[in-house]
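Asks: sequence first, predicted model second:
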Amino acid sequence: MSVVSNPFVDYLNRYTTASPDHEAAFDEFLSQVKPPSGEPLRLETRVEAYLKECFSQPNSPSIILTGNAGDGKTYLCRQIVNAYTGRSVTSWEQIGDGPIERDGRRLYIVKDLSELGDRRGVEVLRGLLSSLAGKTTDRYLIAANEGRLRALCAEDKSLNDLYTRIDDQLRKGSNGASREFVVINLNDVTTSSFVPAAIRWMTHDEHWSACQHCPIFGRCPVRHNAQRLSDTYVASRVQMLYQLLEYLDIHVTVRDMLIHLAFTLTGNQQCDELQNKDSQRENLSGFSYYENIWGGKVDSVFRRKASVVQHLERLRIGDHSLFEIDDFIVNGGDSATAQAEHQRIFAQAVDLNHRRFEQDRRAYVEGGAEQRAEDEAVALMRWLPHCRRKLFFEWQRADLVNRLIPFLYLDTYLDLLRGEQCSLDQVRRDLVLGLNRAFSRLYLTDSDNLYVTTQYLHSGEQPRPLVRLSIPTSGIELRVDPRQEVVYDCDRPDLWLRIAPPPVLALREGAAPMKPIGWRLNLMTFEYLMRLAHGGTYNILADECELSVRSLKDQLLSAFAQEQAKAGLIEFFVAERRRYALKKLQIDEQGNLRSGG
Amino acid sequence: MTTHYGHYKNEQYPIAAQIWGHRLRTGQHWIEYMLEFLSVLAGFKYRLGQGLPDRDGVDNYLSEYVIPQRLGLRRFVFYDEREKTRDSRDTRATFALRAQLRQLLADPDRRSDAELLEQARSLLRSFSAIEEDRSWYAKSLFPVHEEFLLWEALRKGSTLKEYRFSADDLPLAQLDQGLEFRARNFFARGGEIYYLIISAGTENDAERRSRISNRLQKLLTENNQALGHLARAIDAAWGHLIATNNGHIRGTLGWIPDPNCALYRNFAADLDTFLDNDLDSLECLELLAHLIGFHIISYIYHRAHPASHPEGHRSGSCLEACRPELLIDLLGDQDGGIVRDCSARLLREQDDRQLRRARDLVMERVGSWAAAAPAESDRLLAYLEDEAEQDFGFARTRTKHKLDNAVREIQMRYTAGEVRRETLIRAYGDKLFEALSSDFRRNFLAVHRKVGRAIGLIAPRKGGQVRFVLGDTLLKTLVLATLPRGAAPVRLGDFLKLLYERYGIVVGPGEAHAADLVERLRINEEYYSRNREALRARMQRAGLLTQYSDATALVHRR
C-alpha cells in the first residue's frame, strides 16, 4: 500500500518543534516560506494597521514596542520598514545598522534592543531622549523586552526622564494619539482575538485536498480534527479557553498560539506514522484535538515546553465528575431531542476509536454475559474524561460544560463583563464582604461597610483586628471598563472597583477633593473574594491573591487613613455569640472612657 | 587598643562582654531587643548619642534614660486569675484599679461597664508581645504607641512563699514596693547595645541621626494615638490612686567596643533607609524587630571572625575582612539536600568561630600576663591566677573549685620539672578557658541561633539540620533596608551582590565564587544556580521582584 502524505501536515509540524534555533528563525519562516498549499497566514492586527498609518505620514512619532518573544515585534518592524521605504525587505542585512532616510528625516530601527550590548543600548536610548527633547529630527523604532528596557534605563542616570515616560505609558496605557512618542506593550494584546482567523486558515479546504486519495481517509485523526475545528462553534470554544487565560492575566504570544494550535490539529504526528498505526489497529482516539489541546500524552515533550499547555493543564478540565455531564455521556439524556443530540455527538468516528466507545457504553448500560460487571465499568470509566473534554467543545450547552472549569464564579464574571446589570449590586456587596474577610481574616458578616483592618499577628493572645478605616459600601462602585484601544487589539473588558474616600474626608474644609482609588479585579481575585464571601476558607487561592489584596489595603491606608479624624476612637471586632460585632471605645481628653460612636 | 563606647566600668566582665560588649544574653527574647531599644530611646527623649559618660559639658545632655514604670497598666492588662505568680498585694492593687476605672466610665448603664472594661482589656491584651508563659511583670506589649512600652520588672521573692502579711492593711502606695526593675534577665541590655551601635554609627552624621530619631519618634507617637490615650488613662488612674509621682525607672547604658567600626555606620544607613517607608505602623514595627535581630546577628558574626582586630575595625577594612559566609538554603529537601547540608555546616562554623574567638581572647590575655610576670617559676602560676581573678572574677564557686584543682595539677607537673614555661602557660590558658566557657556557652553562644530562628534567618525552629534560610518577612525587611525609596528597580544579580557585600549572604554562583565557597565546599556550581532560581521564584511570589519575559528580574521596593 502506498503512503500518501499531505505536505501541509508536515508544514504544520515544523511549527511545533520547540528549539532555540527554531524560535529565532520562526519569524523568517512564517512570512517567507509559503505553505505548500494555498496562501500563507496573514493575521490582520490593529497594531500593524496603526503602525503603518503612523509611518506613512510625514511626521511620525518615535515608537517603542515591548513584549515577549513571539509577540511579533520583529515582524512589525519589518512591516514598518516595508512601509517606510516603499519596498519589500526580505532580509535584515539589506538594512544594515544605519538609519533609513526619507525626506531628510532619519529613522533608526532597532529590531531587538537585547542584541546590542549595554553600552550601545544606552547610546541608542540617549539618542531617543535627545530627539524627544527636540534636539534632533531623528525618529526611533525600538523593539525591546520590557525587563531589558527598564534595566538599561535604570543603569544610566541621564535616562531618568525617559524611564519615567516609558513607565508611565506602560502602566497607564499607550498614548496612541501622541505624535511624539508612543510606547506599545504587546503584552496587552489579546491573542484570543486572532484565534478564529488562525483556525480558519489552518482548516481551510485548500490545505486538505491532498487527503483525497489517502487510504485512511475516513479514519485519520488529523483530518478529523481539521473537520471538527472548522466548525465555528468549536473554534469559538477554543477561543474561549484563550480568553480564560487572559482573564487570569496570562498573556500568550502569537507565536505560542500558532504553535499550540498547530499541535492541537496534528498532535505532531506524521501522515506515514498514522497510516502505519491504523494498519496495526491502534487506538488513535488519543490524537483528537480535544486531547492535543492540553498537550497530548502525559509525558510528551510538548507538554513540558509549551507555556500555554502548562497554564491550561492546571485547569484539569475533564478530570472531575459532574453528574449532568456524566449522565449525558452514559445514558444519553431524557428527551428525544437529547437522545438525538447524543447520537450526533457520539457518532462513530476515529476520536471514539470508531465503534469501541458505543460498545463499551452499551455493555455498561445494558450489561452482557461476556465480561464481569467491574470490567465493564472500568472500560467505560476510562472513556469518561475523554468524553467530558469532547463535550466541552462540541456540546452546545455552555451552561453545563463551563462547570468543568474549576472557577465557581466564572459565569458571574462573564455576565458582568458582558454588561448584565441585574447581579451587579449583589456582586458588589459580596465583593465588599469578601474584602472584609480577607483583610481581617475573620468571618465578618457586615457588608454595609468596607473595613480596612490591621492587627498584630504574632500576638500571644487572640488577635483583635483594629479598624483603621471604614468606607460605606455606597461609596464603592463596581464598573466594567470596555477598554476600547485604538492602537492594538484588546477585546478584554476590565472589572474595576472604584472606592471613594470616606465621607468624613470629603467634608473636610479647605482640602482638595480626593480622587477615588481604583482596583482592577482579574478572574482569580474575583473568584477568591466571592468564595470568601460565600463561606470559603481563607487559605483557598490566598497564595495567588494575597499580594493584590494587600496592595489594595496599603493603597487605601496611605490615601485615606486619617488619624486626626478619629482621634480618641478605637474600633475593633469582638466575637459575640453568633457573629463578630464591631465595638467602639472612645477616650476623651479627660481620660473618660465610653463606648463610642 | 580597643576603646569603648558607653559606660565601661573597670570591673570584671565575662568573655562574651569583652568581645561583644555589655551585653548580649540568651535569655532575651527576639522582640525584646526592639522593645528595650525603643524604651531606651524614648527614655532619652528620642535622641541618639545620649548616655555616654564623657559628655557632661554638652547642653541638655542626658546621662540616664528615664522611663515611666507603668505598673498600673501592666497589672490591668496581664494580672488575672490565671496568673502563675500571685501575690496578694498585686491582687489588691488590680482590684482597686478596676474599681477606680469603673468610675471613669461615662456610661450610666452599670451592666455594660464591666463589659467595656473587659473589652478594653482584651483589646490591649491582644497586643501581648511574648508568647511564652511568663509572670505578669515580665510580659510586654507590642509597642503600637509609646505608652505601651513596658520595662521588665521583678517582684523579689515572688516565687517563694506568699507575702506574709495581709495586703489589705497596706496603704495603696506601698503595694508597688518590692517590684524592682534592675533584674535585666529579659531586657538583658541587648537593646542598649543596639542603641549604642546606632549612636556610634551616626556620631559623624548629624543629619542621619536626627532623621532616624525623628522617624522613630513619629512611629511611636503619631500612630494609634487613641490606643495611646487609653493606655495612659489606665496608668494615670493608678497613679491617681497612689498619688505619687515617683513612678520612673532610671538606667545607664552598657558599652560596645571599637566605636569607629564601619559596620555600625552600615547599620545606621540600613535603619535610615528602612524607616523611610509607607508601611502601616504595625507592619513597620514588626519588620523593624526583624531588622534589629538581623543586625545583632550580623554584629556577632562580624566580631567573631578570626580576622577581627581593633585596627581593622577602626580603618574600615573590617567590612571586607570580617565578612561571614552565610550560605542560604532555599532548596530544602530538593536536589538531595546538598545545599542544606553545606549551609548547616557553615552555621556550625559560626558557633566554632565564636568559641575560638573567646578562646583566643583568653590565650592572648594569659600570654600578656605571662610576659609581664616575674621570672621565678614558682611565682608564675600565682601571678597568673591573680590576674585572672582581677580580670574575670569568679562568681560561681563550682567553676573556681574545678579551676583550682586543675591549676594545682599543673603546678605539680611544673615543679616536678616535667613541663616548660610555655607549656605551663598554655595549659593554664586552656584550663582557664574551660572554666569560663561553661558560662559562655550557657549565656552567649545560643544568642545568634535563638534570634536567628525567630526572625527567619535560621531554620527549623525545632529539629535537626539547622541551617541558614531567608524567610519572606526577613526578605522584605532586607529589601526595604538596602534599596532606598524612589530608586529605580535593581537587577536581581546586583541585588544579590549587594546582599553579599553588605552582610555576607551567599545565594548564587556569583557570590559563592566571591566568597571562595566553591573551592571550599566542593559542590557543583549547578546547585548554586538552582538555589538562586528558588530565591527568584520566592521573591516573585512575595511581590518583591518582577520577572520579565526575557529573564530580566528586577527587585523593587514596592
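Replies: Structure's in. What do you need?

Asks: mind listing the helices for the stretch 201-350 of chain B?
Replies: Taking DSSP state H, counting those that start in this stretch as the criterion, the stretch 201-350 of chain B carries its helices at B:206-221, B:225-242, B:262-275, B:281-304, B:310-315, B:318-321, B:338-372.

Asks: helices and strands of the chain: which one bottoms out on pLDDT?
Replies: As the question left the chain open, I've gone with chain A. helix A:20-32 (a mean of 52; mean pLDDT, DSSP states H and E).

Asks: wrong one, I was asking about chain B
Replies: Of chain B's SSEs (mean pLDDT, DSSP H and E), minimum confidence goes to helix B:397-415, a mean of 75.

Asks: before we move on, the earlier item: next helix or strand past the least confident helix or strand of chain A?
Replies: Counting by DSSP states H and E, the element after helix A:20-32 in chain order, helix or strand, is helix A:46-55.

Asks: so what does that next one touch, helix or strand wise?
Replies: helix A:73-85 (3 or more CB pairs under 8 Å, 6 or more residues apart in numbering or on different chains; DSSP states H and E). The way it works is simple: take the backbone N, C-alpha and C, and place the C-beta from them, glycine included.

Asks: what sits up against the helix or strand just after the helix it packs on?
Replies: Later in the chain than helix A:73-85, the nearest helix or strand by DSSP H and E is strand A:100-102. Residues from elsewhere that reach strand A:100-102, judged by CB atoms under 8 Å, 6 or more residues apart in numbering or on different chains: A:Val81, A:Tyr84, A:Thr85, A:Arg106, A:Leu107, A:Ile109.

Asks: next one: A:Leu284 from A:His224, what distance?
Replies: 9 Å (CB to CB, to the nearest Å).

Asks: out of those two, which sits in the more crowded spot?
Replies: For A:Leu284 versus A:His224, neighbours defined as other CB atoms under 10 Å in any protein chain shown are more numerous around A:Leu284 (22 against 19).

Asks: per-residue pLDDT, the closest residue to chain B within chain A?
Replies: Per CB to the nearest CB, the residue of chain A with the smallest distance to chain B is A:Gly147, at 2.6 Å. For A:Gly147, the model assigns a pLDDT of 85.

Asks: in contact with it, which residues?
Replies: For A:Gly147, the contact set (CB under 8 Å, 6+ apart) comprises B:Thr546, B:Gln547, B:Tyr548, B:Ser549, B:Asp550, B:Ala551, B:Thr552, B:Ala553, B:Leu554.

Asks: tell me which element residue 497 is part of?
Replies: Just so you know, I chose chain A. In this assignment (DSSP H and E), A:Leu497 forms part of strand A:494-499.

Asks: that's the wrong chain, I meant chain B
Replies: Secondary structure from DSSP H and E places B:Lys497 in helix B:492-503.

Asks: so what sits against both of A:Leu284 and A:His224?
Replies: Each of A:Val350 lies in contact with both A:Leu284 and A:His224 under the rule CB under 8 Å, 6+ apart.

Asks: B:Trp369 touches B:Glu385, doesn't it?
Replies: No - applying CB atoms under 8 Å, one finds B:Trp369 not in contact with B:Glu385, separated by 9.8 Å.

Asks: between the two, which one's more packed in?
Replies: Using other CB under 10 Å, the more surrounded residue of B:Trp369 and B:Glu385 is B:Trp369, with 21 against 17.

Asks: please tell me how far the more buried one sits from chain A.
Replies: For B:Trp369, the distance to chain A (CB to the nearest CB, to the nearest Å) stands at 48 Å.

Asks: excluding sequence neighbours, find me the nearest residue to that residue.
Replies: B:Glu387 (4.4 Å; CB to CB, 6 or more residues apart in numbering or on different chains).

Asks: check the secondary structure at the one you found for me.
Replies: With DSSP: H, G, I helix; E, B strand; the rest coil as the basis, B:Glu387 sits in helix.

Asks: next, the buried residues of the strand holding A:Leu497.
Replies: Neighbour-count burial for strand A:494-499 flags A:Asp494, A:Leu495, A:Leu497, A:Ile499 (criterion: 16 or more other CB atoms under 10 Å in any protein chain shown).

Asks: whatever helix or strand comes next after it near chain B at all?
Replies: Going down the chain from strand A:494-499, the next helix or strand is helix A:503-506, by DSSP H and E. No - Helix A:503-506 does not reach chain B (CB under 8 Å from any CB of the partner chain); its nearest approach is 15.0 Å.

Asks: can I get helix A:503-506 as CSV, trimmed to CA atoms?
Replies: Only the C-alpha atoms of helix A:503-506 are listed here, as CSV (Å, rounded to 0.1, in the frame of the first residue of the first chain):
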residue,chain,number,x,y,z
PRO,A,503,-17.4,61.0,53.8
VAL,A,504,-15.5,62.4,56.7
LEU,A,505,-12.6,63.2,54.4
ALA,A,506,-14.8,64.6,51.7
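
Asks: any idea of the mean pLDDT in it?
Replies: Mean per-residue pLDDT for helix A:503-506: 75.

Asks: repeat for stretch B:533-540
Replies: Rounded mean pLDDT across stretch B:533-540 is 91.

Asks: what about that stretch, near chain A?
Replies: No - counting by CB under 8 Å from any CB, chain A has no neighbours in stretch B:533-540; the shortest distance is 9.9 Å.

Asks: what's in contact with that stretch?
Replies: By CB under 8 Å, 6+ apart, stretch B:533-540 touches B:328, B:330-331, B:334, B:470, B:472, B:475, B:492, B:496, B:507-508, B:545-547, B:553, B:555.

Asks: understood, closing this out.
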